[in-house]
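In: predicted coordinates and the sequence they were generated for:
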Amino acid sequence: MNRILRPISLALVLAVAGASQAQQPTVNIGERHGNLRAAQEHIVQAYQLIGVAQQDNDSRLGGHAGRARELLIQADQELRQAANVANNNGRP
């Protein structure tokens, strides 16, 4: 039974890790919303710098850096939604 579960567990862990990598923040708000775009640019920069800090510290940051990166992904998504709402409400 362990011979079957072990490969399945490994595949699941790798799939989850790959999915989290695919969600990194990106700048996808146009100049129309300059302040939101600037905030998004800072989020991307912070996300990258935290990644460097994780590498420099051999990921010995107690999971806090990883959690900060997760929150930055969420903030990035919220900014995108804010821009979408502004677009849908006829912002010039």
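Out: Received it, and whenever you're ready, just let me know what you need.

In: pLDDT (mean, whole number) over stretch 40-57?
Out: Mean pLDDT, stretch 40-57: 97.

In: how far out from the middle of the chain is it?
Out: Remark: stretch 40-57 is offset 10 Å from the chain centroid, using CA atoms, centre = their mean, to the nearest Å.

In: list the buried residues for it?
Out: The neighbour-count check on stretch 40-57 (16 or more other CB atoms under 10 Å) flags 40, 43, 47, 50, 54 as buried. (Glycine included, C-beta is placed from N, CA and C.)

In: what's the most distant pair in the residues you listed?
Out: Within those, two members stand farthest from each other by CB to CB: 40 and 54, at 21.3 Å.

In: now do the phi/psi pair for residue 24.
Out: phi -60, psi 150 (degrees, to the nearest 10).

In: correct me if wrong: it contacts residue 77.
Out: No: contact criterion CB atoms under 8 Å: residue 24 and residue 77 do not qualify, at 11.4 Å.

In: quick one on the thing from earlier: same list, the buried residues of stretch 40-57, but as CSV with distance to residue 68 please.
Out: Below are the buried residues of stretch 40-57 laid out as CSV (distance: CB to CB, whole Å):
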residue, distance to residue 68
40, 16
43, 11
47, 9
50, 6
54, 10
